[in-house]
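In: need coordinates for the following:
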Amino acid sequence: MKSNLRFLKQVLMLSMIVGALGAILFMTVLKAYYLPVFPVLLVFFAAMTVFFHIVLVRSLKKSPNKFSIVFMSLSAGKLFLMLLLIVVYLILRKDTVITFLAGTFLLYLVFTLFEVKTLLRLVQGKE
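Out: I've put the predicted structure just below:
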């Protein structure tokens, strides 16, 4: 429970940093490429990261032998969700697809790297 609360705080901090950087970039250098759904994407990635982390931690505690299966299944599920999100956005807003794809990819990369780093420390017993 403590580790989940700590992880939630870390995700919130990461989200605030990414949100602040995104706001600064969209108000200055990337003003022409402003993405109105960026805050929604940020919340989506943060929520998805927290949810998957909690499921993976429970899996690790319950059955360490099945952890890799759960991890791979959740990774595939996450990729499928991302593909679904991209397709729906493509259907609804064709005019800003390239900006959306770039923003989605960057958020996916940032949150996935953070999640993997945290899980590696957990699996190795450092947390």
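In: in the protein, which spans are helices?
Out: Ranges of helices in the chain, per DSSP state H, are 2-27, 38-62, 67-92, 97-123.
In: please name every helix or strand in contact with the last one.
Out: Secondary structure elements in contact with helix 97-123, counted by 3 or more C-beta pairs under 8 Å, 6 or more residues apart in numbering; DSSP states H and E, are helix 2-27, helix 38-62, helix 67-92. Where C-beta positions appear, they are placed from N, C-alpha and C, glycine not excepted.
In: likewise the second one?
Out: In this structure, helix 38-62 packs against helix 2-27, helix 67-92, helix 97-123, with contacts taken as 3+ C-beta pairs under 8 Å, 6+ apart.
In: circling back: could you export the helices of the chain as JSON lines, including mean pLDDT and mean neighbour count?
Out: Listed next are the helices of the chain as JSON lines, based on pLDDT from 0 to 100; neighbours: other C-beta atoms under 10 Å:
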{"stretch": "helix 2-27", "mean pLDDT": "93", "mean neighbour count": "14"}
{"stretch": "helix 38-62", "mean pLDDT": "93", "mean neighbour count": "17"}
{"stretch": "helix 67-92", "mean pLDDT": "92", "mean neighbour count": "13"}
{"stretch": "helix 97-123", "mean pLDDT": "92", "mean neighbour count": "16"}
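In: that older thread, TSV for the helices and strands packed on helix 38-62, including distance to Leu35?
Out: Below are the helices and strands packed on helix 38-62 laid out as TSV (distance: least, C-beta to C-beta, whole Å):
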stretch	distance to Leu35
helix 2-27	7
helix 67-92	10
helix 97-123	5
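In: right, and the helices and strands packed on helix 97-123 - which one's nearest Phe114?
Out: Phe114 sits nearest to helix 2-27 of all those, at 5.8 Å, using C-beta to C-beta.
In: how far off centre is that closest one?
Out: Relative to its parent chain, helix 2-27 has a centroid offset of 11 Å by C-alpha atoms, centre = their mean, to the nearest Å.
In: tell me the helices and strands packed up against it.
Out: Going by 3+ C-beta pairs under 8 Å, 6+ apart, helix 2-27 lies up against helix 38-62, helix 97-123.
In: okay if I get these as TSV plus distance to Lys78?
Out: Below are those laid out as TSV (distance: least, C-beta to C-beta, whole Å):
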stretch	distance to Lys78
helix 38-62	7
helix 97-123	8
